[in-house]
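Engineer: Would you be able to build a 3D model of this:
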Amino acid sequence: MMLKLRAGLAGALLTLPPLLGFSHAHALDEIDKLRSTREIVIAHRDASIPFSYLDANRQPIGYSMDVCARLVEALRRELKLPDLAVRYLPVTSATRIPAIAGGKASLECGSTTNNAERRKQVDYTIAHFISAARFVVRASSGMTALEDLTGKTVVSTRGTTNLKTLQRVNDERLLRMKIVDAGDHAEAFAMVGNGQADAFAMDDVLLFGLRANAPRPQEFSVIGKPMTIEPYAVMLPRDQPAFKKIIDDEMRRLIFTGQLQQLYQKWFTQPIPPRGINLELPMSFMLRESFKFPSDKVGDLVY
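Structural biologist: Numbers count the residues shown, from 1 in each chain. Got it, this is the predicted structure:
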């Protein structure tokens, strides 16, 4: 009777769905998966200019994509997998974390903030950019500060830290804003342009990128003091120490050899596709200082 019970229990366990949302693919060691499939999946965005967006041929390009290309080369070198192929997976703000946490991609290369809440699901390497959350408005609106948005309609992108920050600030300061969300950055920016929203809350560098690529950039202004500090980093699966060490070591090498700084210059101080616009955004003091002691550990700064 006991043997039958144990056999039945064992059979039942084998038929149970994966526990805690972990798929079989995610449970695999990341390095073993790369060696087995000879392929790495890179998650990317389509409108996070200049970090990760699509060129005229619908191919992902940008600062973060260039960083990830170096990381893939390091994996090929360290794992002795010269034929490691790259497959791209488009993601949104809402789907990027599930893509990494669920084992659909090995790296997420976009404009993703490293913070404590997200680190419960995914991991990060060393930050390659530091941004701040602000607003874009129509220049004709005359709005220049957060307080000017009292009672206004403000949009942010679904699945971002900015949306949560906006809701918190609205409650704390009794601004009575009507907060709405959009599926991606391009949609949110368009809502400001067509009058559906009075402002778009997002990381300032993304706002400057969207503004620069608008048909008439002078019609938009980026306003307000920073609401948060946002350290951007490539996202990785959790609990993969050997895989993470290769990525972290390569990030440090890129920083100490000056290659990361050169990539920054390429995307922030020179003309970029698709319209050859120069963002004219020199590296910030905060980012330069962070490169002196590169670390994946960040504080969650809120102002």
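Engineer: correct me, but residue 185 touches residue 203?
Structural biologist: No. Counting by Cβ atoms under 8 Å, residue 185 sits too far from residue 203 to count as a contact (9.4 Å). In this view, the C-beta of every residue, glycine as well, is placed from N, C-alpha and C.
Engineer: Residue 88 and residue 240, how far apart?
Structural biologist: Residue 88 sits 21 Å away from residue 240, taking Cβ to Cβ, to the nearest Å as the criterion.
Engineer: the more surrounded of the two?
Structural biologist: residue 240 (19 against 14; other Cβ atoms under 10 Å).
Engineer: ok, that one - contacts?
Structural biologist: 29-31, 123 (Cβ atoms under 8 Å, 6 or more residues apart in numbering).
Engineer: Pipe these into a markdown table and attach distance to residue 219 per row.
Structural biologist: Converted to a markdown table, those look like this (distance: Cβ to Cβ, whole Å):
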| residue | distance to residue 219 |
| --- | --- |
| 29 | 51 |
| 30 | 46 |
| 31 | 49 |
| 123 | 40 |
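Engineer: Of these, just the buried ones, ChimeraX syntax please.
Structural biologist: The ChimeraX command for the buried members of the contacts of residue 240 (criterion: 16 or more other Cβ atoms under 10 Å) is given here:
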select :30,31,123
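Engineer: Which ones among the contacts of residue 240 map onto helices?
Structural biologist: Within these, residues falling in helices by DSSP state H are 30-31.
Engineer: Check the contacts of residue 240 against residue 102 and report the nearest one.
Structural biologist: Comparing the contacts of residue 240 against residue 102 with Cβ to Cβ places residue 30 closest, at 13.1 Å.
Engineer: what's the one helix or strand residue 288 maps to in contact with?
Structural biologist: Assigned by DSSP states H and E, residue 288 belongs to helix 285-290. Residues from elsewhere that reach helix 285-290 (Cβ under 8 Å, 6+ apart): 127, 129-130, 229, 231.
Engineer: In the helix or strand harbouring residue 266, which residues are buried?
Structural biologist: For residue 266, the enclosing helix or strand under DSSP H and E is helix 259-268. Under the neighbour-count criterion of 16+ other Cβ under 10 Å, helix 259-268 has 260, 263-264, 267-268 buried.
Engineer: Show me how far that helix is from its chain's centre.
Structural biologist: 18 Å (Cα atoms, centre = their mean, to the nearest Å).
Engineer: Quick one: residues in contact with that helix.
Structural biologist: Contacts of helix 259-268 (Cβ under 8 Å, 6+ apart): 50-51, 62-63, 66-67, 70, 128-129, 251, 253-255, 272, 279-283, 291.
Engineer: Now the buried members of those residues.
Structural biologist: 50-51, 62-63, 66-67, 128-129, 251, 254-255, 272, 279, 281, 291.
Engineer: between those, which is closest to residue 195?
Structural biologist: Nearest member of these to residue 195, counting by Cβ to Cβ, is residue 279, at 26.1 Å.
Engineer: I'd like the distance from that closest one to residue 211, if you could.
Structural biologist: 9 Å.
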